[in-house]
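Participant: the following comprises the amino acid sequence and a computationally predicted model.
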Number of protein chains: 2
Amino acid sequence: MSDVARLAGVHKATASRALNPSTSGRVNAATARRVRAAAEELGFTLNTAARSLRTNRSFTVGVLLPDLTNPLFPPVARGIEEVLTARGYTALLANTDNDEAKERHQFDVLLGRQVDGFIVATAQREHALLEEAHKSRVPIVLLNRCTDQPLFPLVAGDDNTGILFAVRHLLDRGHRSIAHVAGPQDVSTGITRARAFRHAMEIAGISHEQALVVPAQAYTVAAGERATEELLDHHPATTAIVAGNDLIALGALHVLRARGLRCPQDISLVGFNDMQFADEFQPPLTTVHVPHLELGAEAARLLLEQLDSSEESAGGAPVAKTVLFPLHLVVRESTADVADREGGLG
Amino acid sequence: MSDVARLAGVHKATASRALNPSTSGRVNAATARRVRAAAEELGFTLNTAARSLRTNRSFTVGVLLPDLTNPLFPPVARGIEEVLTARGYTALLANTDNDEAKERHQFDVLLGRQVDGFIVATAQREHALLEEAHKSRVPIVLLNRCTDQPLFPLVAGDDNTGILFAVRHLLDRGHRSIAHVAGPQDVSTGITRARAFRHAMEIAGISHEQALVVPAQAYTVAAGERATEELLDHHPATTAIVAGNDLIALGALHVLRARGLRCPQDISLVGFNDMQFADEFQPPLTTVHVPHLELGAEAARLLLEQLDSSEESAGGAPVAKTVLFPLHLVVRESTADVADREGGLG
DNA sequence: CTGAAAGCGCTAACAG
DNA sequence: CTGTTAGCGCTTTCAG
């Protein structure tokens, strides 16, 4: 930078001001231009480590997610990345594998790297780390999952109406023996969707006892398989399943296939998330579409808002705003009328 | 850190030495323990910005990939992340969308963030940016794709034998009119696989003219659709297709379906990569399995090697080592005997 | 509008 | 084995 300054014939402080968009107003336009030209010529790139050291801001955001390999998260990550880079920020992605120790470690590493804030997609209903983090006042936005205590702003899909759409669709198709193979109940989405399911069934006048809910241990294909086995063992009369998410739905699909049950002729199935390639499954999966990219983008926006405001004033704790995105059902080929079911049997 | 030092009753330089694993040997064991205890007590986390500024090393690696949303890359990213974090490094992922300007920008941003090196999965056969980077001697490892000039170490799958397995499988099934819907020809994997295809057909004694190659414009479903349309328009007698990758295969699948051709009864199809959920397609895709996680891990290892050696000595330019991983064919349900084909027609 | 000077938190060379 | 000192490259008062 001294070199740039020398070439432009100014002091390095002036060069610094000229090169920083937020201070370039405080410098003569012609001088600024000269400095920029000099920087260009020398192929100068600003040393962010030095800037961070001085300003105590790294323009870096930590993103905690369970597993990038889960098809949900790549679009989320891209959404985050897009709004962050537009503002000169960079995302540091960290996989936690739903492991508390690993998460803690990643969190500390990210803190060491002076991240300005976090986007957390790994929230459990009870979450020690997040409670501590709340006390230490690090800016955090929750994505998708939230804690039981409303500690932080949250960006998520509107699971309630999502499930409502799914159930209504099955009811419209004449189903009454509908079961919910739910997600894990220690995660907010798991219980929200289960509650929404019970509620939707209740509205339809179906007794609480008939609104079957079998929780899977995790949002995975394997857990979905196990839970579906259990469901079908105990309640073979089930004609339709609402799955906690698409991976669980995939597990259900496997079990149906293994048992010689056809989907949708024998059992209808609705997923949740509309993950990439859900339309390529066998059969193409009817599922609730969640705009993951937008979720990521909005979470990033909310975090930036927080960072901006904490910059201007040490202002009071902002209300934990919640942004719920509208969801819609994508009807494909995994659902059919119950009527079709009787005739279909060979 | 001064606080830690004070609490431990030593100078901050000593504290620094005690806290850094690579220098903690140069300090009294008891003192070191005292310092670590103090650090623990104060919840001290080292400021990496300051360290970077001083040491000129950020323990950060830039990863350039086309698009995290492409199912190939999440496992690659995880592989990279796993070996990097084990050594205290962090990966900075950047999506380029195969856009040269965007890639340049991302590259510069990463340089500004003082990355110690790059893993690049976006190499084109002619690649201006990479040639410049080579001159500037930034440590780089190429992943999957390489430039025509062997500028950097490369980690990739052994595409040649992968394609050979695919072709041999189809030949064994009695196919002779086999076509290759190839990947884009400005990318190394695109031409390598196309060449390997021609070679494998040649070995089988099938004339060069019959070894049909139709290149897709990109490794996408849409491009795969277009290329397959073209192929089937001009060569309806084709009985089997080797696709440049699984996304192209998916495009082919769509076109077959649209034309009322059954896979595998009418046309057999082999993909490449064995991407996540390829086994859930309709039909489950026979494809060449590529160990993406291992590719990422190995690339990270190679880069770390380079970083270690450039640390010890300013040593001469290392030979551009190439690591090719063995690939194998996963036979599923998208391939069948030609014989079955005749009988299958209604 | 620009220059001078201090200092962010850490490490490394040098003494002792 | 430990303390002293200087300085990484930048931003930001404070003067002028």
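Facilitator: Nice, I can see it.

Participant: remind me, longest helix of chain A?
Facilitator: Counting by DSSP state H, the longest helix found in chain A is helix A:292-312.

Participant: now do the buried residues in that one.
Facilitator: Going by neighbour count (16 or more other C-beta atoms under 10 Å in any protein chain shown), the buried part of helix A:292-312 is A:292-304, A:306-307. Heads up, the C-betas are built off the backbone N, CA and C, glycines and all.

Participant: what residues does chain A put near chain B?
Facilitator: Residues of chain A lying near chain B by C-beta under 8 Å from any C-beta of the partner chain: A:45-50, A:52-53, A:58, A:67-69, A:71, A:73-75, A:77-78, A:81, A:85, A:90-93, A:95, A:108-109, A:111-114, A:250, A:276-277, A:280-284.

Participant: returning to what we had before: state the mean pLDDT of the longest helix of chain A.
Facilitator: For helix A:292-312, mean pLDDT rounds to 91.

Participant: distance from the chain centre to that helix, please.
Facilitator: 14 Å (C-alpha atoms, centre = their mean, to the nearest Å).

Participant: try stretch A:324-342
Facilitator: That offset, for stretch A:324-342, works out to 23 Å (C-alpha atoms, centre = their mean).

Participant: ok so, going back, buried ones among the residues of chain A next to chain B?
Facilitator: Using 16+ other C-beta under 10 Å as the burial test, the residues of chain A next to chain B include A:46-49, A:52-53, A:58, A:67-69, A:71, A:73-75, A:77-78, A:81, A:85, A:90-93, A:95, A:109, A:111-114, A:250, A:276-277, A:280-284 as buried.

Participant: out of those residues, who's near DNA strand C?
Facilitator: Subset of those in contact with DNA strand C: A:L53, counting by C-beta under 7 Å from any atom of the strand.

Participant: circling back: the longest helix of chain A and DNA strand D in contact?
Facilitator: No - on the criterion C-beta under 7 Å from any atom of the strand, helix A:292-312 is out of touch with DNA strand D, staying 9.8 Å away.

Participant: ok, which residues in the stretch 1-150 of chain A are in contact with DNA strand C?
Facilitator: Going by C-beta under 7 Å from any atom of the strand, the residues of the stretch 1-150 of chain A near DNA strand C are A:9-14, A:17, A:26-29, A:31-32, A:50, A:53-54, A:56.

Participant: what is the nearest of the buried residues of helix A:292-312 to A:A196?
Facilitator: A:L295 (18.0 Å; C-beta to C-beta).

Participant: how close does the residue in the stretch 151-300 of chain A that DNA strand D sits nearest to sit to B:R6?
Facilitator: Nearest to DNA strand D in the stretch 151-300 of chain A, going by C-beta to the nearest atom of the strand, is A:A300, at a distance of 22.3 Å. Per C-beta to C-beta, to the nearest Å, A:A300 is found 39 Å from B:R6.

Participant: quick one: strands adjacent to the strand or helix carrying A:I119?
Facilitator: Assessed by DSSP states H and E, A:I119 sits inside strand A:117-120. The pairing partners recorded for strand A:117-120 under DSSP bridges are strand A:60-65 (parallel), strand A:140-143 (parallel).

Participant: off-centre distance for the shortest one?
Facilitator: Just to be clear, that refers to strand A:140-143. Per C-alpha atoms, centre = their mean, the centroid offset for strand A:140-143 relative to its chain is 9 Å.

Participant: so which of the strands paired with strand A:117-120 is the most packed in?
Facilitator: strand A:140-143 (a mean of 26; mean count of other C-beta atoms under 10 Å in any protein chain shown).

Participant: using PDB, list the CA coordinates for whichever helix or strand comes after that strand.
Facilitator: Next in sequence after strand A:140-143, counting helices and strands by DSSP H and E, comes strand A:154-157. This file holds the C-alpha atoms of strand A:154-157, laid out as PDB (Å, rounded to 0.1, in the frame of the first residue of the first chain):
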ATOM      1  CA  LEU A 154     -35.100 -17.000  12.800                       C
ATOM      2  CA  VAL A 155     -35.500 -17.600   9.100                       C
ATOM      3  CA  ALA A 156     -37.500 -20.700   8.100                       C
ATOM      4  CA  GLY A 157     -40.200 -22.100   6.000                       C
END
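
Participant: paired strands for strand A:154-157, with orientation please.
Facilitator: For strand A:154-157, the paired strands and their directions (DSSP bridges) are strand A:140-143 (parallel), strand A:322-325 (parallel).

Participant: as JSON lines, those strands with distance to A:S188 would be great.
Facilitator: Below are the strands paired with strand A:154-157 laid out as JSON lines (distance: least, C-beta to C-beta, whole Å):
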{"stretch": "strand A:140-143", "distance to A:S188": "9"}
{"stretch": "strand A:322-325", "distance to A:S188": "12"}
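
Participant: next up, the contacts around A:Q114.
Facilitator: A:52, A:56-58, A:60, B:47-49 (C-beta atoms under 8 Å, 6 or more residues apart in numbering or on different chains).

Participant: can you redo those as a markdown table with distance to B:A237, pLDDT and secondary structure?
Facilitator: A markdown table is the format used below for those (distance: C-beta to C-beta, whole Å; pLDDT from 0 to 100; DSSP: H, G, I helix; E, B strand; the rest coil):
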| residue | distance to B:A237 | pLDDT | secondary structure |
| --- | --- | --- | --- |
| A:S52 | 64 | 93 | helix |
| A:N56 | 69 | 91 | coil |
| A:R57 | 65 | 92 | coil |
| A:S58 | 61 | 94 | coil |
| A:T60 | 57 | 96 | strand |
| B:N47 | 68 | 93 | coil |
| B:T48 | 62 | 93 | helix |
| B:A49 | 65 | 93 | helix |
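
Participant: I am finished for the moment; much appreciated.
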